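Enquirer: would you be able to build a 3D model of this:
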Amino acid sequence: MNSKERLAAYLNGESADRRPNLTIIGSAVCRFADGGRGMDIETYCKDWKKMAEAASIAAREYKLDFIQIASDLLREAEGYGSEVSFFPDKLPTMTKAALDDITDVDRLRPLKASEIPRLYDLVKAAEWALDDKDVDPMVLAVGPMSVAGNVRGVEDFLVDMFDEPECSAKLLDIVSDTTLDFITCLAEKGVKYVYVADPVASLVSPKVYEELVFPVHRKIFDHMKKLDVTGRLHVCGNTAGIVKYTSTLGAAVVDVDHVVNFSAALESAGGRCLLNGNIDPVADVYTCDAAHTKRAVLETAASVNYARALFMPGCELPTDTKIENILAIAEAIEQIGDRAS
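Expert: As a prediction, this is how the structure comes out:
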């Protein structure tokens, strides 16, 4: 069973030789660029071809079941006018927000993906990766809370959501329209899998999530369903209070970080989607040895009696995570297989 077959079968509730490995390895793909000479992180964020080639190799070297088409979370915000600084040894940062005042939101209009060069680069990368016979690409679409936070400034936007809820909702709608167009572009190329990463969404209360964020998340996943694109939601941090909402979005997979009680999250999700998690990417992968990593994954699976779920880090791995530790995740998943409670 190759990765394409395994991922499709498991997500469709069919028999598979093992659970798929959807570990988000982030910039840990960089070491495989240029024939193993590697690339710096600025190149990873700016050169879609090198990023995609490295990700394709990484999928095989790390025994993943998807080609990760992604880099940083600032492509969309950069298109809306936020200033971004790039570095060779760390992910880029937003240095100046596009909006100084949320009440200026009316001067923004929804952008097409093709109007944002670095965003459309992911369409090019995905199209290239679709030629792979064994592994499907899964493409990053940054979620609306994180885009809005990087257009306005995260702390300011969180305040705006209380002080100016109508303007905040308008900004979320505007940036969501760009995401919808981006997903349409991907679907037209034949992309089957998209993951929406929206870490800023974990910073709001369940009530604010329900009122302001849930509607735009739902719009995105409804759009995917219409286009026959399988969705995954990645919100790191403490999402315990919103799993009851995120599990109803229509995403096939919802990631759960290590700070969340996995058993409680599974109960809250009620089988409406696959939960994916939830070992600590730092304590259980980055700062330990491979034996610890493997044990952490196995113990997580055992702790929920091998429920129908995916077991791996709840968030993206650091750039220089040891190869043997990443492989230990795959070894544990192989050992768990497809047994279910």
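
Enquirer: which secondary structure elements does the longest helix along the chain sit against?
Expert: As assigned by DSSP state H, the longest helix anywhere in the chain is helix 165-189. Counting contacts by 3 or more Cβ pairs under 8 Å, 6 or more residues apart in numbering; DSSP states H and E, helix 165-189 packs against helix 75-79, helix 117-129, strand 137-142, helix 144-152, helix 154-163, strand 193-197, helix 214-226. For every residue, glycine as well, the C-beta is placed using N, CA and C.

Enquirer: pLDDT on that helix, on average?
Expert: In this model, helix 165-189 has a mean pLDDT of 98.

Enquirer: where do the helices of the chain begin and end?
Expert: Under DSSP H, the chain gives helices at 3-11, 41-46, 48-61, 75-79, 117-129, 144-152, 154-163, 165-189, 206-208, 214-226, 243-246, 262-269, 290-303, 323-336.

Enquirer: got the ones you listed as TSV, with distance to Gln68 and mean neighbour count columns?
Expert: Shown next, in TSV, are these (distance: least, Cβ to Cβ, whole Å; neighbours: other Cβ atoms under 10 Å):
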stretch	distance to Gln68	mean neighbour count
helix 3-11	12	19
helix 41-46	11	20
helix 48-61	5	21
helix 75-79	15	24
helix 117-129	9	20
helix 144-152	17	28
helix 154-163	24	17
helix 165-189	14	20
helix 206-208	30	14
helix 214-226	18	19
helix 243-246	21	21
helix 262-269	23	18
helix 290-303	19	18
helix 323-336	12	19
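
Enquirer: now those as TSV including distance to Pro88?
Expert: As requested, the helices of the chain are exported to TSV (distance: least, Cβ to Cβ, whole Å):
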stretch	distance to Pro88
helix 3-11	31
helix 41-46	5
helix 48-61	14
helix 75-79	18
helix 117-129	17
helix 144-152	21
helix 154-163	24
helix 165-189	27
helix 206-208	37
helix 214-226	33
helix 243-246	35
helix 262-269	37
helix 290-303	28
helix 323-336	21
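
Enquirer: ok and the longest helix of the chain relative to strand 137-142, angle-wise?
Expert: Orientation check (axes from the mean of the first three to the mean of the last three Cα atoms, to 10 degrees): helix 165-189 against strand 137-142 gives 160 degrees.

Enquirer: all numbers from here: first residue = 57
Expert: All right, first residue 57 from here; so that's helix 221-245.

Enquirer: as TSV, the helices and strands packed on helix 221-245 with distance to Ala243 would be great.
Expert: Formatted as TSV, those follow (distance: least, Cβ to Cβ, whole Å):
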stretch	distance to Ala243
helix 131-135	18
helix 173-185	10
strand 193-198	10
helix 200-208	19
helix 210-219	29
strand 249-253	9
helix 270-282	8
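
Enquirer: closest to Asn68 out of those?
Expert: strand 249-253 (12.8 Å; Cβ to Cβ).

Enquirer: now that closest one, how far from the centre of its chain.
Expert: 5 Å (Cα atoms, centre = their mean, to the nearest Å).

Enquirer: strands paired with that strand, and their directions?
Expert: strand 193-198 (parallel), strand 286-290 (parallel) (DSSP bridges).

Enquirer: what's the closest of the helices of the chain to Pro166?
Expert: helix 221-245 (3.5 Å).

Enquirer: now that closest one against helix 270-282, angle please.
Expert: 10 degrees.

Enquirer: hang on, the earlier thing: looking at the strands paired with strand 249-253, which is buried most?
Expert: Of all the strands paired with strand 249-253, strand 193-198 has the most neighbours on average by mean count of other Cβ atoms under 10 Å, namely a mean of 26.

Enquirer: export that strand as PDB, just CAs?
Expert: The C-alpha coordinates for strand 193-198 follow below in PDB (Å, rounded to 0.1, in the frame of the first residue of the first chain):
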ATOM      1  CA  PRO A 193       0.700  16.800  -1.700                       C
ATOM      2  CA  MET A 194      -1.100  18.500   1.200                       C
ATOM      3  CA  VAL A 195      -1.100  22.300   0.900                       C
ATOM      4  CA  LEU A 196      -1.100  24.900   3.700                       C
ATOM      5  CA  ALA A 197      -3.800  27.500   3.700                       C
ATOM      6  CA  VAL A 198      -3.300  29.900   6.600                       C
END
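
Enquirer: next, the angle from it to helix 59-67.
Expert: If you take the same axes, to 10 degrees, strand 193-198 sits at 60 degrees to helix 59-67.
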